[in-house]
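Visitor: sequence first, predicted model second:
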Amino acid sequence: MTRWIPILLLSCSAVAHAAPGNGYEDMDALLNDKGIMARIGQQVQHARDTVSEQASSLVINAMAFLDVPYRYGGNSAETGFDCSGFVRAVYEQSLGKILPRRSDEQAAATQTIERSELKPGDLVFFNTMRRAFSHVGIYVGDGKFIHSPRSGAQVRMEDMRATYWNKRFNGARRVQVAEKTTP
C-alpha cells in the first residue's frame, strides 16, 4: 500500500472532482471503487520507472479520468469528453499546457515523431472518420493509449496493436513542454 501513496497524491488533483466533499482521505477508496487501481497498476509503474516526472504525472492524471463518459464537444469530467477535449484537459490540468481544441489542430501544433520513438505522454493520432488526425489519445507505454473513443463509451485504455487501431494509426506527436526547474 505504501508504494501507491505517491500515485494517489499525484492523482488527487485530477480526481478530486469525483470525491464529493470527502477530501483526500477517501481517494484510495474512490480509485478502488472505480476499479482504476486494478487496471492501471502496471502502466503506472512503467510510467514512474521510465519517464520524466512530468510525463508520469500526466499519464497518471489521464488514468484518473477512466470511465468518464464520451460527449461530443465535451471538455470536462463533469460533462464528459470527446477525444481532443480529453487530451486538452489532461495537458492543461497536468502541465498547464493549453493545446488547440481539435485533434487535427493538436497534430499541427506538436512535433512529429516516429512510432518507435513513442514515450508515455506523447499523442497518438488515428484516421477514424476518413480524414487524417480525426482521433487522438495519450500514449501510456507498453503499446497502450488512453482516450475518449466515441458516443456511448467512456474514457478507456486500449492497445494500439489491436487490428482496428493499428490499421488506422495516423501518426505520433510530442508536445513540447518546458521541464520544471527547481531553484
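Guide: That came through fine. Residues are numbered from 1 along each chain as shown.

Visitor: low-confidence ranges in the chain?
Guide: 1-51, 178-183 (pLDDT under 70).

Visitor: helices along that one, start to end?
Guide: Shown for the chain, the helices assigned by DSSP state H span residues 5-15, 27-33, 36-50, 53-63, 83-95, 103-108, 163-168.

Visitor: CA atoms only for the fifth one, dumped as CSV, please.
Guide: Pointing back at helix 83-95 there. The C-alpha trace of helix 83-95 is given here as CSV (Å, rounded to 0.1, in the frame of the first residue of the first chain):
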residue,chain,number,x,y,z
CYS,A,83,-11.1,12.8,-27.7
SER,A,84,-9.5,16.1,-28.2
GLY,A,85,-11.3,17.7,-25.3
PHE,A,86,-9.9,14.9,-23.1
VAL,A,87,-6.3,15.4,-24.3
ARG,A,88,-6.6,19.1,-24.0
ALA,A,89,-7.9,18.9,-20.4
VAL,A,90,-5.3,16.4,-19.3
TYR,A,91,-2.4,18.6,-20.6
GLU,A,92,-3.9,21.8,-19.2
GLN,A,93,-4.6,20.3,-15.7
SER,A,94,-1.4,18.3,-15.5
LEU,A,95,1.2,20.6,-17.0
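
Visitor: make 639 the starting number, not 1.
Guide: Happy to do that; since the first residue is 639 now, the last one works out to helix 721-733.

Visitor: now the angle from that helix to helix 691-701?
Guide: 130 degrees (axes from the mean of the first three to the mean of the last three Cα atoms, to 10 degrees).

Visitor: which parts of helix 721-733 are buried?
Guide: 721-729, 731-733 (16 or more other Cβ atoms under 10 Å). Placement of C-beta: from N, CA and C, glycine included.

Visitor: by contact count, what packs against that helix?
Guide: Under the contact criterion of 3 or more Cβ pairs under 8 Å, 6 or more residues apart in numbering; DSSP states H and E, helix 721-733 touches helix 643-653, helix 691-701, strand 713-714, helix 741-746, strand 773-779, strand 782-785.

Visitor: that's all I had, so thanks and see you.
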